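Q: Model the following, please.
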Amino acid sequence: MNSSDYRVTALLTEHLGFAPLTLVDEVINAVNKIMYNCFDALETFLTKRRDAQLEKLRRDNGIGEGDADIDTNGLMDEKISAAEERGEVFPLAEIHHGTSELETLLVSHVDRNFDKFELYTLRNILTMPRDLVEDGSVRLKHHEHLDNLDLTETQAGKGENIASLLKNISYELQLRKVLQAQLSKAQKLVGLLSRYKNSIDALILTHLNTQLSADSIRKLKEGLTPMNENVYYLISQLRELVDQVSRLTHTLTEDQMHFRPTNRDIYLHEKTLALIQSLTSRRAN
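A: Residues are numbered from 1 along each chain as shown. Reported below is the predicted structural model:
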């Protein structure tokens with residue numbers, strides 16, 4: 001179903017209160033119910049007709065209603081079989097077989113004609129011209145002041161919007177992973193700092209066994225109280241130190257690491273060479 005057929009079906013469904021196909025299905029189901037009731041009624045009629053024929057056959061052979069179930073040496077079965085062959089009694093197997101064959105034949109014809117009925121009804125009765133629906137000439141009363149939206153124009157940019165949304169979703173997922181990792185690290189750091197603070201508090205409470213004065217302990221505690229600020233300060237100082245080392249390493253490359261020797265370096269170098277030469281000459285002698 002293309003977009004225009006969908007709009008026609010949606011408009012009819014909203015106007016009628018039910019889908020057009022629902023009406024066709026209801027008609028088909030009603031007729032099928034009548035048809036199957038006819039098959040059941042026909043089989044019931046033939047079965048009752050057979051019972052009447054058997055009753056007449058029993059009366060002709062002198063068997064009353066009270067003796068209907070009595071069969072002497074199978075004589076009644078033979079007479080029933082003979083009557084079925086002569087056509088005086090309807091055979092039960094032929095009743096079931098005949099009604100089944102009739103049901104199959106009628107159902108096939110009904111289904112074929114109902115297919116034609118469904119196609120004709122949906123194409124010629126329960127429908128509206130597509131061009132009138134597409135340009136907005138046919139609309140419901142509560143749609144009178146609505147602008148006719150062209151779905152083809154709105155669908156043009158859907159691909160780009162979907163791609164952009166997928167990109168944003170991927171970015172948000174990556175950011176969520178990073179934030180979760182940072183949160184885990186922060187929680188571990190807070191736990192460590194809490195244990196560290198508890199240890200400091202326990203140390204201060206036992207100051208009576210130490211040699212520190214009460215004033216010194218108080219100052220030490222005040223200096224350790226802003227624990228977060230101290231940790232952040234240490235982290236910032238560490239980062240600054242790392243940056244300075246990186247800049248220094250970048251500046252002092254191998255080509256730039258040439259130092260001019262001082263007078264002391266020259267003196268030590270000459271004395272070292274003279275000592276080595278004297279030791280070498282002694283070993284040679």
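Q: Show me the shaky parts of the stretch 1-150 of the chain.
A: The stretch 1-150 of the chain contains residues with pLDDT under 70 at 1-4, 63-75, 136-137, 145-150.
Q: switch the cut-off to 50
A: Across the stretch 1-150 of the chain, the ranges flagged by pLDDT under 50 are 68, 72-73.
Q: show me where it has helices.
A: Using DSSP state H, counting those that start in this stretch, the helices of the stretch 1-150 of the chain run over 3-16, 20-60, 75-86, 92-120, 130-134.
Q: Out of those, which gets nearest to Ser170?
A: helix 3-16 (31.0 Å; Cβ to Cβ). Every residue, glycine included, has its C-beta placed from N, CA and C.
Q: So for Lys141, which of the helices of the stretch 1-150 of the chain sits nearest?
A: Taking the helices of the stretch 1-150 of the chain one by one with Cβ to Cβ, helix 3-16 is closest: 9.6 Å.
Q: Okay, buried residues for that closest one please.
A: Val8, Thr9, Leu11, Leu12 (16 or more other Cβ atoms under 10 Å).
Q: now the angle from it to helix 20-60?
A: Relative orientation of helix 3-16 versus helix 20-60 (axes from the mean of the first three to the mean of the last three Cα atoms, to 10 degrees): 70 degrees.
Q: one step back: of all the buried residues of helix 3-16, which two lie farthest apart?
A: When Cβ to Cβ is used, the two most widely separated members of those are Thr9 and Leu11, lying 7.3 Å apart.
Q: which residues touch Glu103?
A: Contacts for Glu103 (Cβ atoms under 8 Å, 6 or more residues apart in numbering) come out as Tyr36, Phe39.
Q: hmm, try it at 6 Å
A: Phe39 (Cβ atoms under 6 Å, 6 or more residues apart in numbering).
Q: any idea how far it lies from Val110?
A: Glu103 sits 10 Å away from Val110, going by Cβ to Cβ, to the nearest Å.
Q: again, but for Lys33
A: In terms of Cβ to Cβ, Lys33 sits 12 Å off from Val110.
Q: More neighbours: the two, which one.
A: Neighbours per residue, other Cβ atoms under 10 Å: of Lys33 and Val110, the larger number sits with Val110, 15 against 10.
Q: Report the spatially closest residue to the more buried one, excluding sequence-adjacent ones.
A: What sits nearest to Val110 in space, not counting adjacent residues and going by Cβ to Cβ, 6 or more residues apart in numbering, is Met35, at 6.4 Å.
Q: How much space separates the one you found from Arg239?
A: 88 Å.
Q: more crowded one of those two?
A: The residue with more neighbours, out of Met35 and Arg239, is Met35; 13 against 10, by other Cβ under 10 Å.
Q: if I look at that one, how far off is Gly98?
A: Taken as Cβ to Cβ, the span from Met35 to Gly98 is 16 Å.
Q: With Tyr6 instead?
A: Taking Cβ to Cβ as the measure, Tyr6 falls 47 Å from Gly98.
Q: Now do the host helix or strand of Ala186: which elements does it pack against?
A: Per DSSP states H and E: Ala186 is located in helix 158-205. Secondary-structure packing of helix 158-205 (3 or more Cβ pairs under 6 Å, 6 or more residues apart in numbering; DSSP states H and E): helix 214-224.
Q: Before I go, just wanted to say thanks for your time.
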